[in-house]
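# Below are the sequence and a predicted model for it; my questions follow.
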Amino acid sequence: MASKAAQKRLTKEYVAMQKESPPFVWAVPDEKNILTWNFIIRGPPDSPFTGGEYHGVLLFPSEYPFKPPGIKMFTPSGRFQPDKKICFSMSDFHPGTWNPAWSVATILTGLLSFMLSDEMTTGSVTSTDGHKRTFAQRSHTWNVSQQRFKEAFPEYCGPEMRDLPNMGEKERGKPVASPVLTFTSSTPTLPSTSSAMIGHNTLLKLNPPTNINNPFAPPNPSNPNRADLNPRIPGLNTNSIGKSGLDKSDDSNHASWAATWGRVFWEKWRWGAVIVLAVVLSRFSSST
């Protein structure tokens with residue numbers, strides 16, 4: 001029976017596993033006994049275990065996290081003896097080197113690393129890379145024929161092997177797709193929606209280029225009728241007007257500037273006249 005410390009710690013680790021599992025690893029506690037965790041390890045790319053699915057169990061003591069678990073792997077792998085405890089630094093073979101800060105995720109990441117090595121220990125076997133690949137190809141078929149695998153992982157018992165939540169894409173730096181712009185002879189065409197998918201879960205908003213800080217910038221000399229190259233003038237449709245239309249637009253813009261400066265001078269002159277009148281009246285009053 002689990003102690004309160006073990007119960008609390010393993011519950012916390014289950015939440016952490018659900019939130020973000022390590023690459024190529026998945027684990028869940030037994031519904032009836034939180035001290036027993038079933039795990040799946042998937043063979044990473046560029047290894048003899050590529051495409052393999054390996055079922056095992058972590059057997060935690062009631063004193064966890066102050067004592068390490070026992071570790072077994074059931075699926076034949078060519079690396080470990082099925083259903084026999086494995087000796088490595090994070091297992092109950094080495095209580096003296098156990099660190100209470102280690103977790104389920106740490107243990108299984110360490111086990112995967114140890115699995116990829118050639119170090120021999122209690123519970124390991126010797127086989128060629130060819131044999132390991134053969135075991136990997138047969139692993140899912142073997143797993144779905146085992147009752148304990150079916151009970152622990154019913155969602156992974158389909159005819160085709162299913163990916164774990166984390167198959168290492170983030171760690172391998174999976175390339176990110178970029179939004180594609182297709183151009184016609186006059187204007188660029190954005191994708192059909194205002195957003196483009198980047199990777200799997202990220203949305204990048206595509207906003208048309210604008211520059212309203214300088215609405216009177218001269219048109220592009222190479223092609224003054226390109227609306228996409230001259231987005232600086234709001235409301236200007238360069239596809240429907242020619243050079244003369246641009247000139248008229250410039251004239252109207254200059255007229256607008258003149259009107260603006262006229263209003264400025266009028267305001268300053270008016271306030272100046274008021275001040276002069278006030279001074280005159282003040283002196284007139286003092287003299288009388």
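Sure thing, it's come through. Note that the structure is a prediction, hence the values are computed from the model and not measured.

# Can you show me the helices along the protein?
4-19, 104-116, 129-144, 147-152, 169-172, 243-287 (DSSP state H).

# which regions of the protein lie under the pLDDT threshold?
Applying pLDDT under 70 to the chain flags residues 170-288.

# how does it look with 50?
175-249 (pLDDT under 50).

# what's the closest non-adjacent residue to Y156?
Excluding its sequence neighbours, the residue lying closest to Y156 (CB to CB, 6 or more residues apart in numbering) is R162, at 5.3 Å. Bear in mind the C-beta positions are built from the backbone N, C-alpha and C, glycine included.

# make that R42, sorry
F24 (4.5 Å).

# Next, the contact list for that neighbour, please.
Residues in contact with F24, defined by CB atoms under 8 Å, 6 or more residues apart in numbering, are I41, R42, G43, P44, L112, L164, N166, M167, G168.

# Please spell out the ChimeraX selection for the buried subset of these.
Listed next is the ChimeraX selection for buried residues among these, using 16 or more other CB atoms under 10 Å:
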select :41,42,43,44,112,164,166
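
# Which pair of the contacts of F24 spans the longest distance?
Taking CB to CB as the measure, those span a maximum distance of 14.2 Å, between G43 and N166.

# what residues does stretch 118-133 touch?
Contacts of stretch 118-133 (CB under 8 Å, 6+ apart): 48-50, 52, 77-81, 84-88, 93, 135.

# Excluding covalently adjacent residues, which one is nearest to V57?
In space, V57 is closest to K72, 5.1 Å off (CB to CB, 6+ apart).

# Can you get me a residue count around P45?
Residues lying near P45 (other CB atoms under 10 Å) number 12.

# give the contact list for it.
The contact partners of P45, by CB under 8 Å, 6+ apart, come to G168.

# Could you tell me how far it is located from E169?
11 Å (CB to CB, to the nearest Å).

# overlap in contacts of these two?
Counting by CB under 8 Å, 6+ apart, P45 and E169 have no shared contacts at all.

# ok, now which ones touch N143?
Residues counted as contacts of N143 (CB under 8 Å, 6+ apart) are E53, H55, T75, F149, Y156, C157.

# Counting neighbours, what do you get for the last one?
Other residues within reach of C157, judged by other CB under 10 Å, total 16.

# my guess is it contacts E151, does it?
No. Between C157 and E151 there is no contact under CB atoms under 8 Å: 9.7 Å.

# measure Y54 to I40 for me?
From Y54 to I40 the distance is 7 Å (CB to CB).

# out of these two, which sits in the more crowded spot?
Comparing Y54 with I40 by other CB under 10 Å, the one with more neighbours is Y54, at 27 against 22.

# List only buried entries from the contacts of stretch 118-133.
Looks like the contacts of stretch 118-133 have 48-49, 52, 77-80, 85-88, 93, 135 buried, using 16+ other CB under 10 Å.
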